[in-house]
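Chemist: Output the structure for:
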Amino acid sequence: MSVQETMWKFLRANGLPETSSAAIMGNVEQESSFDPNEYETGGDGFGLFQWSYDRRRQLEAYGTDLQHQLNFFWSELTGKDSSSTGGEYTWKDSTPTYLSYDDFMSRKGSVDQLTETFCVSWERAGTPMMQNRIKAANKYYSQFSGTKPDSANSQSENITIEATNYQVIANSQKYGDVLFGRRYRVTVSDAQGNGIDVSQLRCTFNIVKTIQMQPNTGEIVIYNLNAKTENAIMMSGARVTVEAGYEGSQFGLIFDGDILQTIREKEDSTTYKLTILALDSDRALNFEIANYSIVKGQTARSILDHIVSASENPVFLGSISDKLEGQTLTRGKVLFGKASDYIRQIAKTYGLQYYMDDGKLNLIHMDDLPEGEAFELNPESGLIGTPQQTDFGISGQCLLNPQIKLNTLIHIDNSLVRAKQINVNGNNTVPGATSTNSDDIKQTNSLVRKAIIAEAKKLCDDPNVRYSEEENLRGKTVDGITYYDCSIFVKHCYETAGLDLLDITTNQWQQVKAKGLYNIDIQAAMAGDLVFWFDGDVCYHVAIYGGNNDVYAARSKNKPADEQVSYGPIYGEYKIGRPESLIRADGGELPSASGQSTTDNSAQGTFRGLDKDGIYRIISLNFVGDTRGNDWFINFTSIDQLGGTIPIVSN
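Modeler: Sure, this is the predicted structure:
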C-alpha cells in the first residue's frame, strides 16, 4: 500500500471529509512528496509535514515511523491523544480571509479553499507555492473520492491503546508491543540539514547523559562506509542523531548532538570504522554569547527566557523550576559573556541542577516532583540483573528504552535490590547528613539560604534603611530609620534564618577560617555565602553573595541614601567563604583527618536504607548499543526520595 493510500485511509477512517482529506494531501505533496524520511534542504524540516524545531523534537521524542507521524499529525490537528503521541493542537484560524477550523473539519468550501486554509492555518509554510498544493489536492480528490474508508479497527497496527503515561499498571500489561524486535536509526547531517541515514550499516553507540552539570556525550561508530559517504561526513558532518529502542511505542530519540571530531581507523585487515565524537548542544553551550541589557524588575525566569530567545544556536526549554519566578532584579543589569555562564549562575543561585538533554535546556530543583508518572521497572519490563544500592539511591541496568529519561521517576521493588555492603574500615554515615536524627535534609538548603536572601533583599529595598558605624545606631531604629554597617547587616540576615554569626568583620572572617570553607571559587559560590574584602591581611568589608555575580551589602554612608544598603555587582579583589553553621544547614559535613564527622556528640550513623516506596529519580544514563551485536541496554544511576548533595561537575 502506497503512503498516499495509507494517509487517505487514515484520514477518512478518523472521520475527515473527502475534500478536507484531499486538501491535506495536496499540502503533503508540496512539503515532502509523501516521503516520511524527507529532510529539508537548508533547513530543519523533517517528515511528511516537514516538522521543524520544537515540533520536530516533540515528534522524534515518541517515534518517526509513518504510523506515528500520522498519529502525531492528528493530535496537532485535533488536540486528541496528545499524551500518547506528543503532538499538541496547533491550528490558528485566519478568518475571515480563510475558512475557520470548524469549516475545515465539516467540509464547507471547495477543495481549493480548503487547501489554502490548511496551508495558512496549520502548515504555515514559508514559501507556500499555493498553486502546486491546489493542483495536487484536486488530483488526489479525483483519485480517491468515492472509495470506502477502512474502519478504525480494520488493521491491527491502527488500534489505539489507552495512554498510561509510561508506567505499568497492575493487570493491564500489553504484550506483543513491549521490548520485542530492535529498532534504530542513526542519521548524520550537515549544517544545512541535509542528512545521511546510515542505519543499514553496523553502528555502535555509547551515550552518557547526566543532570550533574556536565556535557552529555556521544560516541557513535559506523562500520565500512563507502569512501564518498565517509568523506562527506568527515568534511561536512555537523550533527548526529540516534534513535533506538524496540518496535512499537518504546522507540524514540536518545541522542541529538553536535559533532566535535571524526576519527577514521582500521579495526582489522578488512574492517574500517568511522568514530564520531559529539556533545549535546555544544554550540549553544560553548559558543553562544550574551550581549544585551536587562531592565529592573525581571525574574530569573524572564532572564532565562531572554537568553534562550536571543540565542543564535537553537535552544529549547525543557523542565524549568517554578523557583525562578520569585526574586526580581532591584536594578537593571548588563549581560556580556558566555550565555552558559549566566545560566549556570542562575542555577547555582537558586540551588538548581542545570543540564541539556537532546537540545533542551532544563533547570530543576531536586525537591520538585518530576512530570509524569513513575516507570515500573522489573524483569518483565526490561530490568537486567540485580540493581545495587549506592550512597544516594540505586544503580542498575535495563534494556534500552528511550522512555527512561533524565529526571524521571522509576519504581523498583526493593526485594530485587542488593543492599550496599558496610565498609568496616571506613565511614558509613548517611551522605549529606550531620547526625542520625537529621530532619529532611533535602529541603534545608533551599529554605535557609532563601531566608537569608529574602531578608537581605527586604533591607536593600527598604528606603528607611541606612548605613552607620556608630555604636549607638548600628542595628537599631531611630526616628523610623534603621541603621546597619556591613558586619551587623550580614549577622542580622543570618540570625533571621536561624544561623549564628559573630559580630565585627574581622571576627566573621576568622570564624569562617577556623570552622568553615573559604577561598570558594565564584563558580562554586551559592546565594547566601559571605564575600570578604581585605586591605593587606586585614578584612575590612563583608557582604552576602546574591548569585549572578552580585552581592547584598551595607556599603557606605558616603553614598546616596537609597544606595547605602543595596544590591549590586561584586567588585575588586575578594574571597568567598561559607560559615560552619551554613554548611550544616546545607546538610553537609566538615571533613576531618580521621574521615569521621566533625559533629560533636553525634552517634555514628549507618548509611541510609532503601527508599520505603521504591521510588527513585534518574540522575544519569549510559546508553550502550550495537546494531549487529548483543549490547542493547541502559546503565542507570538514581537518587532516592530522601535526596542529598550529589557531586557536580561544571561544564
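
Chemist: all strands in the stretch 101-250 of the chain, in order from the N-terminus.
Modeler: Assigned by DSSP state E, counting those that start in this stretch, the strands in the stretch 101-250 of the chain fall at 182-189, 195-197, 203-210, 217-223, 239-246.

Chemist: now swap in the stretch 351-500 of the chain and tell me
Modeler: Assigned strands in the stretch 351-500 of the chain, in chain order: 353-357, 360-364, 375-376, 383-389, 394-399, 409-411, 465-467, 477-478, 481-484 (criterion: DSSP E, counting those that start in this stretch).

Chemist: Out of those, which one sits most buried?
Modeler: Using mean count of other C-beta atoms under 10 Å, the stretch among these with the largest mean neighbour count is strand 353-357, at a mean of 24. Quick note: C-beta positions are derived from backbone N, CA and C, even for glycine.

Chemist: Tell me what angle that strand forms with strand 360-364.
Modeler: Between strand 353-357 and strand 360-364, the angle comes out at 160 degrees (axes from the mean of the first three to the mean of the last three C-alpha atoms, to 10 degrees).

Chemist: so which of the strands of the stretch 101-250 of the chain is the most packed in?
Modeler: Relative to the other members of the strands of the stretch 101-250 of the chain, strand 239-246 carries the highest mean neighbour count by mean count of other C-beta under 10 Å, namely a mean of 23.

Chemist: In a markdown table, list the strands of the stretch 101-250 of the chain along with mean pLDDT.
Modeler: Conversion of the strands of the stretch 101-250 of the chain to a markdown table gives the following (pLDDT from 0 to 100):
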| stretch | mean pLDDT |
| --- | --- |
| strand 182-189 | 92 |
| strand 195-197 | 90 |
| strand 203-210 | 94 |
| strand 217-223 | 95 |
| strand 239-246 | 92 |
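
Chemist: how about those, which one is nearest residue 447?
Modeler: Residue 447 lies closest, by C-beta to C-beta, to one member of these: strand 203-210, at 26.2 Å.

Chemist: contacting residues for residue 236?
Modeler: Residues in contact with residue 236, defined by C-beta atoms under 8 Å, 6 or more residues apart in numbering, are 190-191.

Chemist: and if we set it to 7 Å?
Modeler: For residue 236, the residues meeting the contact criterion (C-beta atoms under 7 Å, 6 or more residues apart in numbering) are residue 190.

Chemist: roughly how far apart are it and residue 452?
Modeler: From residue 236 over to residue 452 the distance is 52 Å, taken as C-beta to C-beta, to the nearest Å.

Chemist: rewinding a little: do you know which of the strands of the stretch 351-500 of the chain lies nearest residue 133?
Modeler: Here strand 360-364 is closest among the strands of the stretch 351-500 of the chain (C-beta to C-beta), at 32.3 Å.

Chemist: next one: the closest one to chain centre, how far?
Modeler: Computed by C-alpha atoms, centre = their mean, to the nearest Å, the separation of strand 360-364 from the middle of its chain amounts to 3 Å.

Chemist: strand partners of that strand, parallel vs antiparallel please.
Modeler: For strand 360-364, sheet partners with direction are given as strand 316-320 (parallel), strand 353-357 (antiparallel), following DSSP bridges.

Chemist: quick one: buried residues of stretch 25-35?
Modeler: 25-32, 34 (16 or more other C-beta atoms under 10 Å).

Chemist: Which of these sits closest to residue 197?
Modeler: The nearest one, if we look at the buried residues of stretch 25-35 relative to residue 197 and count by C-beta to C-beta, is residue 32, at 14.9 Å.

Chemist: Skipping adjacent residues, who's closest to residue 507 in space?
Modeler: residue 487 (7.9 Å; C-beta to C-beta, 6 or more residues apart in numbering).

Chemist: now swap in residue 504 and tell me
Modeler: According to C-beta to C-beta, 6+ apart, the nearest residue to residue 504 is residue 487 (5.3 Å).

Chemist: my guess is that neighbour meets residue 506, correct?
Modeler: No - contact criterion C-beta atoms under 7 Å: residue 487 and residue 506 do not qualify, at 8.7 Å.

Chemist: Compare the two (neighbour count), which wins?
Modeler: When residue 487 and residue 506 are compared for neighbours, residue 487 comes out ahead with 24 against 14, by other C-beta atoms under 10 Å.

Chemist: element containing residue 252, please.
Modeler: Following DSSP states H and E, one finds residue 252 within strand 251-266.

Chemist: Check the gap between the residue nearest the centre of the chain and residue 317 for me.
Modeler: For the chain, the residue nearest the mean C-alpha position is residue 362 (2.7 Å; C-alpha atoms, centre = their mean). Relative to residue 317, residue 362 is positioned 8 Å away (criterion: C-beta to C-beta).

Chemist: Backbone dihedrals for residue 401, please?
Modeler: phi -150, psi 110 (degrees, to the nearest 10).

Chemist: Now do the contacts for it.
Modeler: Residues touching residue 401, when contacts are defined by C-beta under 7 Å, 6+ apart, comprise 245, 250, 382, 634.

Chemist: can you list the weak-confidence ranges in the stretch 451-600 of the chain?
Modeler: 587-600 (pLDDT under 70).

Chemist: pLDDT below threshold where in the stretch 151-300 of the chain?
Modeler: With pLDDT under 70 as the threshold, the stretch 151-300 of the chain has low-confidence stretches at 151-180, 212-213.

Chemist: what's the pLDDT at residue 357?
Modeler: The pLDDT attached to residue 357 in the predicted structure is 86.

Chemist: tell me the contacts of it?
Modeler: With the criterion set at C-beta under 7 Å, 6+ apart, residue 357 makes contact with 209, 216, 280, 318, 405-406.

Chemist: Run through the helices of the stretch 1-150 of the chain in chain order.
Modeler: All helices of the stretch 1-150 of the chain, identified by DSSP state H, counting those that start in this stretch, fall at 3-13, 18-32, 53-62, 66-78, 82-85, 101-105, 111-118, 130-144.

Chemist: Could I have the CA atoms of the third one written out in PDB?
Modeler: Extracted as PDB, the C-alpha positions of helix 53-62 are listed here (Å, rounded to 0.1, in the frame of the first residue of the first chain):
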ATOM      1  CA  TYR A  53      12.400  23.000  15.700                       C
ATOM      2  CA  ASP A  54      10.300  22.300  18.800                       C
ATOM      3  CA  ARG A  55       7.600  20.400  16.800                       C
ATOM      4  CA  ARG A  56      10.200  18.100  15.300                       C
ATOM      5  CA  ARG A  57      11.700  17.400  18.700                       C
ATOM      6  CA  GLN A  58       8.300  16.500  20.000                       C
ATOM      7  CA  LEU A  59       7.700  14.200  17.100                       C
ATOM      8  CA  GLU A  60      11.100  12.500  17.400                       C
ATOM      9  CA  ALA A  61      10.700  12.000  21.200                       C
ATOM     10  CA  TYR A  62       8.000   9.500  20.500                       C
END
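
Chemist: If you count neighbours, what's buried in that helix?
Modeler: When burial is assessed from 16+ other C-beta under 10 Å, helix 53-62 yields the following buried residues: 55-62.

Chemist: Where is pLDDT lowest across those residues?
Modeler: When the buried residues of helix 53-62 are compared on pLDDT, residue 62 comes out least confident, at 75.

Chemist: Could you verify my assumption that it touches residue 86?
Modeler: Yes - judged on C-beta under 7 Å, residue 62 makes contact with residue 86 at a distance of 4.2 Å.

Chemist: Look up the residues that both of these two are in contact with.
Modeler: Listed contacts common to residue 62 and residue 86 are residue 72; contacts here mean C-beta under 7 Å, 6+ apart.
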